[in-house]
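> What follows is a predicted protein model with its sequence.
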Amino acid sequence: EAQVTQNPRYLITVTGKKLTVTCSQNMNHEYMSWYRQDPGLGLRQIYYSMNVEVTDKGDVPEGYKVSRKEKRNFPLILESPSPNQTSLYFCASRQWSDQPQHFGDGTRLSIL
Amino acid sequence: DAKTTQPTSMDCAEGRAANLPCNHSTISGNEYVYWYRQIHSQGPQYIIHGLKNNETNEMASLIITEDRKSSTLILPHATLRDTAVYYCIVRVGGQGGKLIFGQGTELSVKP
């Protein structure tokens, strides 16, 4: 089954403790993205990647890092999480430019 | 990317067609119209997309006006499980795959 898998689905942690949210897709897609969703602000893109070793900033990249060492994986790294990064996070992937994106089920992060 | 305008909320009776409008008066010739929906806090789900012609798939139909300044998503026989927030997005290909989600239309399907 074609899917985008995120882990963990839920995480409660404390300020400053490094964490990684993994994202994996099994559709051989070139493009992958990370979004965060906050009430009243909708979904906003954090980072995206057009292929292996090619990444770029989205609209809200501050406080986040990403890497794309393999085509299928696109982890989101919070080196020193802060409470304002408490949010619902989605990973997405797609094939060519005009093709629709497939989203993961989301990761709900709470930073205390 | 062109701005879209959608009603904040709509109701639909179960079994009836749900017609969700979207205005995108500043759309340019190479921008596609996409529709996604989000049920509760699940990941957005792709529904349908089109450029000029009307499109139909197993989930819905997309009707785009001839001047392309507006479109309508049609769910032919709405069920309670179609209750969700529906997003209309226009986007040029490329640009890193960014989708700009507005506030969308909250569709409530009622028994």
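Structure received.

> Now do the buried residues in the helix or strand of chain B with the lowest mean pLDDT.
Among the helices and strands of chain B, strand B:84-92 carries the lowest confidence by mean pLDDT, DSSP states H and E, at a mean of 89. Buried residues in strand B:84-92, counted by 16 or more other CB atoms under 10 Å in any protein chain shown: B:84, B:85, B:86, B:87, B:88, B:89, B:90, B:91. C-beta coordinates here come from the backbone N, C-alpha and C atoms, glycine included.

> same check, this time on stretch B:74-83
B:74, B:75, B:78, B:82, B:83.

> now the end-to-end length of it.
Using CA to CA, to the nearest Å, the end-to-end distance of stretch B:74-83 comes to 14 Å.

> what does stretch A:44-58 give?
Using CA to CA, the end-to-end distance of stretch A:44-58 comes out at 8 Å.

> Off-centre distance for it?
Stretch A:44-58 sits 9 Å away from the centroid of its parent chain (CA atoms, centre = their mean, to the nearest Å).

> Contacts only, for residue 58.
Using chain A here. If you count contacts by CB atoms under 8 Å, 6 or more residues apart in numbering or on different chains, residue A:58 has them with A:33, A:34, A:35, A:44, A:45, A:46, A:47, A:48, B:96, B:98.

> now with 7 Å?
Contacts for residue A:58 (CB atoms under 7 Å, 6 or more residues apart in numbering or on different chains) come out as A:45, A:46, A:47, A:48, B:98.

> how far away is it from residue A:34?
Going from residue A:58 to residue A:34 by CB to CB, to the nearest Å gives 7 Å.

> Mind listing the shared neighbours of these two?
Shared contacts of residue A:58 and residue A:34, defined by CB under 7 Å, 6+ apart, comprise A:46, A:47.

> Turn the contacts of residue A:58 into JSON lines, including distance to residue A:21 and pLDDT.
Output for the contacts of residue A:58, formatted as JSON lines (distance: CB to CB, whole Å; pLDDT from 0 to 100):
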{"residue": "A:45", "distance to residue A:21": "15", "pLDDT": "91"}
{"residue": "A:46", "distance to residue A:21": "11", "pLDDT": "95"}
{"residue": "A:47", "distance to residue A:21": "12", "pLDDT": "94"}
{"residue": "A:48", "distance to residue A:21": "15", "pLDDT": "92"}
{"residue": "B:98", "distance to residue A:21": "19", "pLDDT": "67"}
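
> Good, wrapping up.
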